[in-house]
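Chemist: 3D, please:
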Amino acid sequence: MRDERHMENFLSLVHLVGIISLLGTSCEGTSNLLMGGKTMDWEAAAEEQLSQSLKEVPIMFRAMAKNAIRSAAENAARQRGATAVAPEDVIRGYIVTTPGPQKSGLRKTMEKLGIDTGPYEGLLP
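Modeler: Next comes the predicted model:
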């Protein structure tokens, strides 16, 4: 049992490193990401969108996904010159951090969550 837990932790770490690489996060951003911190303000609706989106992530990956989505959402907000993260930024973060094999089901998941996929067509498979 202990070996299984170690293997699960190792695989989670490998997955997280892959997400960080995908995001191109700097060392400073990575430190903040690993600590689960926020680097900018979040609208209440964005926090709610994050909570709703995380319900679609398997429980063993939620903490890791939360940090990755949060970082990607903040990057999306910065790219549009915003001072706070909006729900649209969270959705973009959710899309870009979804692992390749799960991307094929994203459109269906977004529709289930009541998200209009139109604005995100360029990011969806």
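Chemist: can you pull out the helices in this structure?
Modeler: When secondary structure is read from DSSP state H, the chain shows helices at 2-23, 27-35, 44-54, 62-79, 87-97, 100-103, 106-112.
Chemist: what's the least confident stretch among those helices?
Modeler: Note on these: lowest mean pLDDT is at helix 27-35, with a mean of 40.
Chemist: Now do the buried residues in stretch 111-125.
Modeler: Ile115, Thr117, Tyr120 (16 or more other Cβ atoms under 10 Å). Just so you know, the C-beta spots here come from the backbone N, C-alpha and C atoms, and that holds for glycine as well.
Chemist: now those residues in CSV, with pLDDT and distance to Ala46?
Modeler: CSV is the format used below for these (pLDDT from 0 to 100; distance: Cβ to Cβ, whole Å):
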residue, pLDDT, distance to Ala46
Ile115, 93, 13
Thr117, 93, 18
Tyr120, 94, 15
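Chemist: Let's have those residues in JSON lines, adding distance to Gly81.
Modeler: Shown next, in JSON lines, are those (distance: Cβ to Cβ, whole Å):
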{"residue": "Ile115", "distance to Gly81": "23"}
{"residue": "Thr117", "distance to Gly81": "24"}
{"residue": "Tyr120", "distance to Gly81": "19"}
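Chemist: Out of these, which comes closest to Thr97?
Modeler: Tyr120 (13.4 Å; Cβ to Cβ).
Chemist: List the contacts of that closest one.
Modeler: By Cβ atoms under 8 Å, 6 or more residues apart in numbering, the contact set of Tyr120 is Ile91, Arg92, Ile95, Met110.
Chemist: How much space separates it from Asp89?
Modeler: Distance of Tyr120 to Asp89, computed by Cβ to Cβ, to the nearest Å: 11 Å.
Chemist: Then Ser51?
Modeler: 15 Å.
Chemist: Specify which residue of these two has the higher count of neighbours.
Modeler: Asp89 (28 against 11; other Cβ atoms under 10 Å).
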